[in-house]
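Engineer: Would you be able to build a 3D model of this:
(2 chains)
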Amino acid sequence: MATAKSWQTAEVPGPKKALVISKPEVVVAMIKRSKRPILIVGHKAVEVEMEEKKLIDYMIQIASSMKIPVVATAHTIKEFLERGFKKAFHMPIVDITNRLQDPDWKGLDGRGQYDLVLIVGIPYYMEWLVLSSLKHFSKLKTISLERFYQPNATWSFPNISIEEWIKSLNKIVSDLEVK
Amino acid sequence: MTGKTTSLKIKELKTDIGLIKDLEITIGRIIEEWEEKMGPTPFPSIKDLREWDHKLLQRYKPLYMPFCDLCCLCTMGKCDLTGDKRGACGLDIKGQQSRIVLLACCIGAATHTGHARHLVEHLIEKYGRDWPIDVGGVSVEVEAPVTRLVCGIRPKKLGDLEEVLDYLEEQIVQLLSATHTGQEGDNIDFESKVFHAGMIDQVGMEVADIAQIASYGFPKADPDAPLTDIGFGVVDTDKPVIMVIGHNVPPAVDIVDYLNDHGLFGDVEVCGLCCTAQDITRYNPKAKIVGPISWQLRAIRSGIADVIVVDEQCIRTDVLIEAKKVGIPVIAASEKNCLGLKDRTLDKAEEVVADLVEGKTPGALILDSAKVGEVAVETALKVAPKRKKIRVIPEVNEIVELSKTCTKCNDCRRACPNDLLIPEAINEAAKGNFSGLADLYESCIGCARCESACPKDLPLHSFIIKAAEKRLKEEKYKIRTGRGAIQDIEIREVGAPIVFGEIPGVVAFVGCANYPHGGIEVVEMAEEFAKRRYIVTASGCAAMSMAMHKNGEGKTIYEEYHGAFDAGGVLNVGSCVSNSHIAGAAIKIASIFAKRNLRGNYEEIADYIHNRVGAVGVAWGAMSQKAASIASGFWRLGIPVIVGPHGSKYRRMLLGRKDRKEDWCVYDARTGDKVYVGPNPEHLFYAAETKEEAMVWIAKLCMRPNDTSKGRAIKLTHYIDLHKRLYGKMPDDLHLFVRTEADIPITMKDEIKAILKEKKWKTSKIPDPTLLPRLIRAKEA
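Structural biologist: Down below sits the predicted model:
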């Protein structure tokens, strides 16, 4: 049964905790409602096998369907390029976290700050801290697309099975493709 | 004479014994004069370098990543500091994070300084206050660059270090007091104090290391320091084995001395873990290193030791519990780490030995290193032949049976810092397949949190050790013993190529073994930069991890590369406290090569290093508070530090913004003009997610405003090459690093010129860079 506890047991949150994504439609609605979403994809997206695909492939589908700008952290940009996805920007995770806290940042396209951050593929404890930073020092809404509960996000899946995760991501992809 | 003194002058004094005229009494610090002029900040207080700190912090603003949203340090709390809330004392979350960073750095600085105090007192007792500080004979005239820079004194004798320690201790007390409720409230001022703690820490480390080098005859700035054995498999278990763990070497030295004095050295194995092991091989290269900090539990549980001696720092606090399980007696040799044991310091050695051998007590606290030497050796000799080899590592069939009881609750994985797939490996082990467990060995940091979490009390760490038993026994490597300082002559030879950028950088691998994917990543990074003819330095556990891999020819990195401070060198400077020599080398470049006064002249020298010396620290497995304070010592000198992903738990980065042109201007010291120099170096402290990212950034962070065009072209070549290989594309920020066409690497001219054209790049000036208006020469004229 899905639980809303930190995946790494000792990474307990403060009083303000992420709302649980009980169904993937919540994510779809949030993305569709957002005027300026951004997707951050870390290197673990390449490591996580999901049946015949990898996590990064789902992210490419999500980004493509809604033209969401992508920041590939660490060396993940290479994987995007190898998959023919050339629109990703690359930046260390701490750099994009820093910029997302600056209301005057011009954004990746020069059109200003974002309003929704989707994040996946960062080591659990590092993402925990990144989301903590955004929780404290920005007004942005954040959605963790990880399989494990990230308590510092605005919205996060609880700890779910890989099958359930695949199902949810497939649903998000298919719903986003419906304009 | 100068210094902080109280002077009393009495023109005429009538007393019972007569009339005294022109009496002058001076009480306090006496500072020797020498030809070098005293700079503006000898023995700086916590605010004396605040202006310099604020300059750096203006450019490298803190990014806070709160690790805890609450404050529970006083009884008005807990206070929820989420977002813009303030606690009952008025502090906000930024203040609280920086306060915790300061606390961590105070702990680190206190630990090194406490270590230094103990060493200096011990060595003075043994060798006398007048024992000369010789760390490199005629090759090293600047014997204590950090101390000279910070304190403005030139320590010549062991006794001279006492006054330095007095200063350090006073500063740590002041810094620590700033963290009390209702003291400092501004996060940037907390950060300035963090820098101060780091600077104090650098001096403390230097004091400790120069004292032990001079007194114990460790290698003295020796590029050819001998190679010694490292690895679990190098320990000869047919002999009695004494295992030393910790950082403070006197007890280990006295063990070696006792063995030598009694003609027993070849008959008994002396091996160790962590920095005590590094330092005992500097004393006697026939001693052996088992491995870095993470190897402790596997080393204890393996049961190879006949006696364990612990001194201080980074020792598992459950060492006594673990040793008891295998029946190994423990000797605690530091008052900082008494382990609940009875103090046997004043008891007769033979009585303590008898109690340990007969198992009447699991251990003894002995605060006399000579007695530790005797008790450890005599105990090992007597225990070895009779000690019943108690086995705690389960046999294969036991692992299979125990694995079948696993409930697949996932608690082990969820407790693992690296989220290792332990349940899957256990599931396979239950079927008799141990490859999954064996694979975990490479990434396991040895914390055993998995075991603590297991509701079935399965000894999971022991499972991993057993599965990797063969690998463990084959761990036989060579490490170059810690060479200590960098010679003045080496600095003279490399000063120009480093400052002008022709040696592309100095990369220092430091810190602990809290790696995301095992020590192999440090080896790969070090090798990459050694091949590229950077100068690669290392210390402490990072230096050990670098030794624990062989190339295709069966050689370790220390056998493959030379040990000189020159292009393509791989240097082990020594233990944690030897880190000071890495900072010292950067300081000596300013002093010896550039002839800048360093005496009490911190700000100018830091400004020089920041703008000219392409050095980067890498603490890939940074774990402790000491690692935090070591890093902060580098920050105040303007040297950037990269940490591994676990380093994000330090909860604060210091990041530049390359998109803000206004942040990257310096003064041209020749003219006073403000000149844009690009984001060099772009960050002061940052956590990289992967080793690939770290490698690209090491190359990038070595660029400095002062690089000549030839030097910049070389540095750009490495940056571009690594970027293309690891990121699969050209960097998108080249226009920020090319100042003139002469900076462009010749082999990529057309490609880069096209990029520059697209970015509407314009030529810019290469200044004589400084952040300090007082160094503008035109102003003086």
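Engineer: from here on, contacts and neighbour counts on C-alpha atoms
Structural biologist: OK.
Engineer: Does chain B have contacts with the longest helix along chain A?
Structural biologist: Taking DSSP state H as the criterion, chain A has its longest helix at helix A:162-177. No. Judged by C-alpha under 8 Å from any C-alpha of the partner chain, helix A:162-177 and chain B are separated, with a smallest distance of 14.0 Å.
Engineer: elements contacting that helix?
Structural biologist: With contacts defined as 3 or more C-alpha pairs under 8 Å, 6 or more residues apart in numbering or on different chains; DSSP states H and E, the packing partners of helix A:162-177 are helix A:25-33, helix A:55-66.
Engineer: Mind putting those helices into CSV with distance to B:Ile445?
Structural biologist: Shown next, in CSV, are the helices and strands packed on helix A:162-177 (distance: least, C-alpha to C-alpha, whole Å):
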stretch, distance to B:Ile445
helix A:25-33, 36
helix A:55-66, 27
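Engineer: okay, the ones you listed, which one's buried deepest?
Structural biologist: helix A:55-66 (a mean of 20; mean count of other C-alpha atoms under 10 Å in any protein chain shown).
Engineer: State whether B:Ile592 is indeed within a helix.
Structural biologist: Yes. Under DSSP: H, G, I helix; E, B strand; the rest coil, B:Ile592 sits within a helix.
Engineer: would you put the C-alpha positions of the helix or strand where A:Ile143 lies in CSV?
Structural biologist: Element membership of A:Ile143, judged by DSSP states H and E, is strand A:141-144. Output in CSV follows, covering the C-alpha atoms of strand A:141-144 (Å, rounded to 0.1, in the frame of the first residue of the first chain):
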residue,chain,number,x,y,z
LYS,A,141,5.0,24.9,-7.2
THR,A,142,7.1,21.8,-7.4
ILE,A,143,6.1,18.3,-8.5
SER,A,144,8.4,15.3,-7.9
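Engineer: partners of the next helix or strand after it in the sheet?
Structural biologist: Under the assignment DSSP H and E, the closest C-terminal helix or strand after strand A:141-144 is strand A:155-156. Here strand A:155-156 has these sheet partners by DSSP bridges: strand A:19-20 (parallel), strand A:141-144 (parallel).
Engineer: Dump those strands into CSV; add mean pLDDT, distance to B:Ala305 and mean neighbour count as well.
Structural biologist: Shown next, in CSV, are the strands paired with strand A:155-156 (pLDDT from 0 to 100; distance: least, C-alpha to C-alpha, whole Å; neighbours: other C-alpha atoms under 10 Å in any protein chain shown):
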stretch, mean pLDDT, distance to B:Ala305, mean neighbour count
strand A:19-20, 98, 51, 20
strand A:141-144, 98, 48, 24
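Engineer: Dump these into JSON lines; add distance to B:Arg99 as well.
Structural biologist: Listed next are those as JSON lines, based on distance: least, C-alpha to C-alpha, whole Å:
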{"stretch": "strand A:19-20", "distance to B:Arg99": "30"}
{"stretch": "strand A:141-144", "distance to B:Arg99": "27"}
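Engineer: how about the residues of the stretch 401-550 of chain B near chain A?
Structural biologist: B:Asp411, B:Arg413, B:Arg414, B:Ala415, B:Cys416, B:Pro417, B:Asp419.
Engineer: and the two most separated of these?
Structural biologist: Using C-alpha to C-alpha, these span at most 12.0 Å, a distance reached by B:Asp411 and B:Pro417.
Engineer: Can you list the low-confidence ranges for chain A?
Structural biologist: Within chain A, the ranges that satisfy pLDDT under 70 run A:1-3, A:179.
Engineer: dump the residue contacts of A:Asn170.
Structural biologist: A:Tyr58 (C-alpha atoms under 8 Å, 6 or more residues apart in numbering or on different chains).
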